[in-house]
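Undergrad: my questions are about this predicted structure, shown below with the sequence.
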Amino acid sequence: MADTPYPFEVKKVYSFTLYPATVMPGDFTNVTVMAIMDYDSALQFADIPAIHPNVFPYLPSGTPNDPTQYDYLKVKLSSGVVTVLGIPWINEATIALVRSLTANVVIEGVSNNDAPRILAALVQNGFNNVNVKIVSA
């Protein structure tokens, strides 16, 4: 990524942990980066001034105590929930790009009416980027 000093790219999938994990619990495994944004944009999605005092004590020494100086990630969790995180909140040593593979699944003995049920079962189990197509044999 030439334009940003962060190891994130929009639409890529990552796993990482947060420094303030006790204050901001959550599973940040297989999260999709939706946007990298400035403070003012992040305010549209989260109450950063309310979150910052709780998060700041857990951040590494030298981190500015001014959330307006941070950039933020808008991420979609594997559960489908969208949230905003300050980039300094992320433990950089734990950031891992998740290689995206495609799974082709064959289910025999289905009808056209089964496609919505199959899709619902996959989404319910955290598979959100799914296309179900019924084909004839």
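TA: Everything's here; your move. Numbering: from 1, shown residues only.
Undergrad: okay, CA-based contacts and neighbour counts for the rest of this
TA: Fine.
Undergrad: in the chain, which spans are helices?
TA: 39-42, 48-55, 115-124 (DSSP state H).
Undergrad: just the buried residues of the last one, please?
TA: Yep, that's helix 115-124 we're talking about. Applying a neighbour-count criterion of 16 or more other Cα atoms under 10 Å, one finds Ile118, Leu119, Leu122, Val123 buried in helix 115-124.
Undergrad: between which two of those residues is the distance greatest?
TA: Taking Cα to Cα as the measure, the buried residues of helix 115-124 span a maximum distance of 8.7 Å, between Ile118 and Val123.
Undergrad: ok, the most centrally placed residue in the chain - contacts?
TA: Note on the chain: the residue nearest the mean C-alpha position is Val31, at 2.8 Å, using Cα atoms, centre = their mean. Neighbouring residues of Val31 by Cα atoms under 8 Å, 6 or more residues apart in numbering: Val13, Tyr14, Ser15, Val75, Lys76, Leu77, Ser78.
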